[in-house]
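In: have a look at this prediction, sequence included:
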Amino acid sequence: MQVMINGQWHQKDPPLSVAGLLDEMSLDHRRVAVELNREIVPRADYHATMLAEKDELEIVTLVGGG
Amino acid sequence: MSDDMLRIGQFSFTSRLFVGTGKYATYELMRDALAESGCEVVTVAVRRERMFDADGRNIMDFLDPDRYTLLPNTAGCFSADDAVRTARLGRELLEGIENKGAAWVKLEVLGDTKTLLPDPVGTLEALKVLKDEGFCVLCYTSDDPVMAMRLKAGGADAVMPAGSPIGSGQGVLNPWNIRIILEQLKADEADFPVIVDAGVGTASDVTVAMELGADGVLLNTGIAGASDCIAMARAMRLAIESGYLACRAGRIPRKLYATASSPIEGVIGAPDA
């Protein structure tokens, strides 16, 4: 399936959860926030939320800024 | 109530200096400069996680979430929609690390890439949505008194007029507008927080802002871009304290002509009148 992650399309094999995707990317669940199709995915739901064809994700973290 | 604390929404702080975390040469320098500044609030930005991180370092390794209240900003957003989404993501991130800052946001909706001046229309739109969602909102704005009043009327928990363009180091370009903003926003609410944010270049800019009556100052580049960040951070800490004290000490008036400081009578050489 094709999913958009941070503005780029990626080919991923279902079934894939948000947690699974973060683990694939070696990301610490507590240090990111995830928006799926314009809605925030609560951290508690990362394992239960499955990705689907054409899903659009924003995976963000804190960085320096003024 | 009247004590020396700075109060914004449900937050209260001893230090009136808010410092940004951007543009430091290294995370170590950032960490040490923030500590030297004595600040309790640091701003952070929210950005896409890079897919490939060469060194794997995260800013949170250098910011103690128990020591600092993080203030997420919506920097880089040019629409109300992007700013609202960014604010929600910032809250989610801070809830993840259990930082008190999950309840608030520095709202910036920009209108122009060269001046980084805010878009007043977008800012008001985003403010309304964020207030409805329970955020404590600190609004970045230009030094336009009308816009400042609109933001306060729109529910802003603090208004943050720019001294000069972000990162420009020009200090407070229009102290008259800042004074008007202070007078008008505090007319019916003496403790309504007004924080000068943007354009601070050196310590005297901070002191000028505080002597005008600002409740606090937010700066980033002024420290991060200084040749000696640690020394400048210390200078800024002293400046915010001295400006706060001077503002309340009842300064002498400005006069056109001189008034001698030493007695006029009893000077040697002249015949006694």
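Out: Nice, thanks for sending it over. Numbers count the residues shown, from 1 in each chain, chains lettered A, B, ... in the order given.

In: against B:Asp197, how distant is the residue sitting furthest away from the middle of chain A?
Out: Using CA atoms, centre = their mean, the residue of chain A lying farthest from its centre is A:Gly66. It sits 26.1 Å away. Here the criterion is CB to CB, to the nearest Å. By it, A:Gly66 lies 8 Å from B:Asp197. C-beta coordinates here come from the backbone N, C-alpha and C atoms, glycine included.

In: identify the contacts common to these two.
Out: B:Leu218, B:Leu219 (CB atoms under 8 Å, 6 or more residues apart in numbering or on different chains).

In: circling back: which SS class is the residue farthest from the centre of chain A?
Out: At A:Gly66, secondary structure determined by DSSP: H, G, I helix; E, B strand; the rest coil is coil.

In: contacting residues around it?
Out: Counting by CB under 8 Å, 6+ apart, A:Gly66 has contacts B:20-23, B:43, B:45, B:73, B:75, B:166-167, B:218-221.

In: again with B:Ala87
Out: B:Pro72, B:Thr74, B:Val105, B:Leu107, B:Ala126, B:Leu130, B:Phe135.

In: can you say which helix or strand has the spatially closest residue to it that is not a sequence neighbour in it?
Out: Take B:Ala87 and drop its neighbours on the chain: the residue closest to it by CB to CB, 6 or more residues apart in numbering or on different chains is B:Val105, 4.3 Å away. Assigned by DSSP states H and E, B:Val105 belongs to strand B:104-107.

In: now do that strand, average pLDDT.
Out: Strand B:104-107 shows a mean pLDDT of 98.

In: how many residues are close by the residue of the stretch 151-273 of chain B found nearest chain A?
Out: In the stretch 151-273 of chain B, the residue that lies nearest chain A is B:Asn220 (3.1 Å; CB to the nearest CB). Residues lying near B:Asn220 (other CB atoms under 10 Å in any protein chain shown) number 26.

In: that one: what's it in contact with?
Out: Contacts of B:Asn220 by CB under 8 Å, 6+ apart are A:Gly65, A:Gly66, B:Val19, B:Gly20, B:Thr21, B:Gly22, B:Lys23, B:Thr43, B:Gly167.

In: if you set the cut-off to 7 Å instead, what comes out?
Out: Going by CB atoms under 7 Å, 6 or more residues apart in numbering or on different chains, B:Asn220 touches A:Gly66, B:Val19, B:Gly20, B:Gly22, B:Lys23.

In: out of those, which are buried?
Out: A:Gly66, B:Val19, B:Gly20, B:Gly22, B:Lys23 (16 or more other CB atoms under 10 Å in any protein chain shown).

In: start and end of stretch B:196-214, how far apart?
Out: 7 Å (CA to CA, to the nearest Å).

In: ok, which stretches of chain A are strands?
Out: A:2-5, A:8-11, A:33-36, A:39-41, A:56-64 (DSSP state E).

In: now tabulate those strands in TSV and tack on mean pLDDT, mean neighbour count and distance to chain B.
Out: Shown next, in TSV, are the strands of chain A (pLDDT from 0 to 100; neighbours: other CB atoms under 10 Å in any protein chain shown; distance: least, CB to the nearest CB, whole Å):
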stretch	mean pLDDT	mean neighbour count	distance to chain B
strand A:2-5	97	16	8
strand A:8-11	96	10	8
strand A:33-36	98	22	4
strand A:39-41	97	15	5
strand A:56-64	97	21	4
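
In: about what we covered before: and the least confident of the buried ones among the contacts of B:Asn220?
Out: Within those, pLDDT is lowest for A:Gly66, at 92.

In: what is the neighbour count of B:Trp176?
Out: Per other CB under 10 Å, the neighbour tally for B:Trp176 reads 11.

In: what about it, which helix or strand?
Out: Counting by DSSP H and E, B:Trp176 is part of helix B:175-185.

In: show me what that helix is packed up against.
Out: Applying 3 or more CB pairs under 7 Å, 6 or more residues apart in numbering or on different chains; DSSP states H and E, one finds that helix B:175-185 makes contact with helix B:145-153, strand B:158-161, helix B:203-212.

In: contacting residues around the last one?
Out: What that stands for is helix B:203-212. B:163, B:171-172, B:175, B:178-179, B:182, B:196, B:200, B:217, B:235-236, B:238-240, B:242-244, B:246-247.

In: ok, of those, which come out buried?
Out: B:163, B:171-172, B:178, B:182, B:196, B:200, B:217, B:235-236, B:239-240, B:242-244, B:247.

In: chain A contacts on the stretch 151-273 of chain B?
Out: Listed as neighbours of chain A in the stretch 151-273 of chain B under the rule CB under 7 Å from any CB of the partner chain: B:Ile166, B:Asn220, B:Thr221.

In: now the second one: closest residue in space, sequence neighbours ignored.
Out: I take that to be B:Asn220. Nearest to B:Asn220 is B:Gly20, by CB to CB, 6+ apart, at 2.6 Å.

In: then B:Ala162?
Out: Nearest to B:Ala162 is B:Ala198, by CB to CB, 6+ apart, at 3.7 Å.

In: pLDDT value on that neighbour, please?
Out: 95.

In: name all residues that make contact with it.
Out: B:Ala162, B:Gly163, B:Ser164, B:Pro165, B:Ile166.
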